[in-house]
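Sequence and predicted structure below; questions after.
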Amino acid sequence: MNLAIVGCGFVADYYLSTLPNYPHLNLLGVMDRVPERAEHFSKHHNVSIYDSLKELLEDDRVDIVLNLTNPSSHFEISKAALEAGKHVYTEKPLSIDFEEARQLVEIAEARGLQVVSAPCNLLSETAQTMWKALREEAVGKVRLVYAEMDDGMVHQMAYQKWMSEAGTPWPYKDEFEVGCTLEHAGYYVSWLVAFFGAAKSVTAFSSCLVPDKETDVPLDGHTPDFSVACIHFESGVVARLTCGIVAPHDHHLTIIGDKGLLCTKDSWYYRAPVYSRRRVTLRRKTFISPLKRNHRLVSPEGKSHLGSRGAQQMDFCRGVADLVDSIQNGRPCRLSSRFSLHVNELVLAIQNALEDSQTYHMQTQFEPISPMPWAA
Ligand SMILES: NC(=O)c1ccc[n+]([C@@H]2O[C@H](COP(=O)([O-])OP(=O)(O)OC[C@H]3O[C@@H](n4cnc5c(N)ncnc54)[C@H](O)[C@@H]3O)[C@@H](O)[C@H]2O)c1
């Protein structure tokens with residue numbers, strides 16, 4: 001399968017660092033609207049350049065376009081790629097606008113193609129282990145979930161020194177303008193909808209607590225930098241999800257069942273430990289046992305390298321590999337187009353809630369997805 005990348009920025013480096021895990025994926029070339037970006041990337045990674053999007057899309061050898069552009073460009077690039085007959089794997093979100101995202105899925109379906117969105121951390125050892133434990137009812141019937149995506153005061157950190165391996169700076173203006181909810185909620189929303197099925201509704205609040213972020217460049221708009229959402233799943237489970245860049249760093253996930261808690265520390269580490277703690281009764285007292293039971297991580301065969309920077313260890317190409325496998329085997333990708341759209345709809349509803357929102361009723365559905373073969 002032949003790939004081409006559009007967008008040679010910060011995250012593209014992380015894709016390249018885990019591409020060798022999948023030797024059957026062949027990167028034909030890359031392009032960026034900023035030619036120097038493409039040239040620098042091409043030199044660093046020894047890959048060919050397409051001089052324009054048109055040239056890339058006219059290359060009949062390209063099967064899949066990896067859309068690693070900024071979120072505001074996702075719709076335009078994915079649409080052009082689908083209309084050129086290519087499958088698309090896009091960084092999140094599918095689009096910054098729900099109707100545009102829906103349009104992408106409809107174009108893909110009309111043409112027998114797939115448009116699949118990151119994040120792919122649902123395919124991680126940690127998520128697959130948690131999902132297996134839930135199927136085995138390790139903590140009994142699940143009632144409630146607390147998911148935290150708090151990152152600490154990012155605007156006070158030395159983010160101007162954050163560089164990818166190839167020396168591309170972290171795009172802080174774009175990150176602040178897109179906002180932490182649109183950037184990060186999907187890391188847990190995708191797990192929750194896979195584990196508990198489609199969401200029925202979400203009641204959320206979002207707000208911008210630090211409007212100027214003390215940056216050296218003015219920011220467009222007041223994008224929320226804090227959100228809290230209560231998601232009601234059709235299965236009856238309720239999840240509270242918090243995203244923010246004000247409260248101290250906390251990426252815990254706590255799944256609360258009738259028999260105890262199932263927990264992990266961070267969805268950004270593909271091999272973060274998974275543990276449960278049972279609810280016990282001793283004489284007249286009922287409490288959560290302080291003793292942790294560690295669940296052995298299920299994992300794919302062979303050693304897969306994880307692209308890593310301080311705050312995360314992820315195999316960015318695992319979702320691309322699943323898309324390729326699904327095309328070759330005539331099945332939908334696990335992160336199917338409809339699954340990606342449902343995640344996108346939910347995340348946008350949280351981001352756009354602002355301070356006086358009504359309950360949002362979900363419009364989309366998706367076919368249930370199966371666990372990875374090594375976790376079944
Ligand atoms: N920065 C992170 O830590 C991080 C982590 C995971 C995922 N992501 C996601 O990855 C995507 C890219 O983020 P990034 O951090 O690499 O941003 P970036 O700004 O560093 O890179 C994006 C690149 O895309 C190019 N681009 C934008 N629009 C284009 C267009 N229409 N045609 C061609 N090239 C275009 C830009 O010139 C830039 O080089 C985003 O969707 C983001 O949410 C970012």
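Looks like it arrived, so ask away.

tell me the contacts of the residue nearest the centre of the chain?
Geometric centre of the chain, nearest residue: residue 119, 2.1 Å, by C-alpha atoms, centre = their mean. Residues near residue 119 by C-beta atoms under 8 Å, 6 or more residues apart in numbering: 92, 186, 187, 190, 314, 319. To be clear about C-beta, it is placed using only N, CA and C from the backbone, and glycine gets the same treatment.

now residue 254
By C-beta under 8 Å, 6+ apart, the neighbours of residue 254 are 145, 146, 147, 261, 262, 263.

Give me the mean pLDDT for the one helix or strand the fifth one maps to.
Okay, so that is residue 262. Using DSSP states H and E, residue 262 maps to strand 260-264. For strand 260-264, mean pLDDT rounds to 98.

And for stretch 358-367?
For stretch 358-367, mean pLDDT rounds to 97.

Quick check, the residue in the stretch 101-250 of the chain closest to the ligand?
The minimum distance from the stretch 101-250 of the chain to the ligand, using C-beta to the nearest ligand atom, falls at residue 171 (3.5 Å).

what's the answer for the chain, then?
For the chain, C-beta to the nearest ligand atom, closest residue to the ligand: residue 9, 1.7 Å.

for the residue of the stretch 101-250 of the chain closest to the ligand, what are its contacts?
9, 10, 70 are the contacts of residue 171 under C-beta under 8 Å, 6+ apart.

what's the distance between it and residue 90?
To residue 90, residue 171 is 17 Å away according to C-beta to C-beta, to the nearest Å.

Please apply the same query to residue 306.
According to C-beta to C-beta, residue 306 and residue 90 sit 21 Å apart.

Same list (the contacts of residue 119) but as JSON lines, adding pLDDT.
Listed next are the contacts of residue 119 as JSON lines, based on pLDDT from 0 to 100:
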{"residue": "92", "pLDDT": "98"}
{"residue": "186", "pLDDT": "98"}
{"residue": "187", "pLDDT": "98"}
{"residue": "190", "pLDDT": "98"}
{"residue": "314", "pLDDT": "93"}
{"residue": "319", "pLDDT": "98"}
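
ok, and which of those reach the ligand?
Filtering the contacts of residue 119 for proximity to the ligand by C-beta under 6 Å from any ligand atom leaves residue 92.

tell me what the strand holding residue 262 is packed against?
Helices and strands touching strand 260-264, by 3 or more C-beta pairs under 8 Å, 6 or more residues apart in numbering; DSSP states H and E, are helix 125-135, strand 253-257, strand 274-282.

got the contact list for residue 19?
Here residue 19 is in contact with 25, 27, 317 (C-beta under 8 Å, 6+ apart).

did I read that right, it in a helix?
Yes. Applying DSSP: H, G, I helix; E, B strand; the rest coil, one finds residue 19 inside a helix.

can you give me the helices in this structure?
According to DSSP state H, the chain carries its helices in the segments 10-18, 35-45, 53-57, 71-83, 98-110, 125-135, 172-178, 180-184, 186-196, 318-328, 337-351.

Quick one: the ones you listed as CSV, columns for mean neighbour count too.
Output for the helices of the chain, formatted as CSV (neighbours: other C-beta atoms under 10 Å):
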stretch, mean neighbour count
helix 10-18, 22
helix 35-45, 16
helix 53-57, 18
helix 71-83, 20
helix 98-110, 18
helix 125-135, 21
helix 172-178, 19
helix 180-184, 25
helix 186-196, 24
helix 318-328, 21
helix 337-351, 25
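
most distant residue from the middle of this protein?
The chain, farthest from centre, C-alpha atoms, centre = their mean: residue 283 at 44.9 Å.
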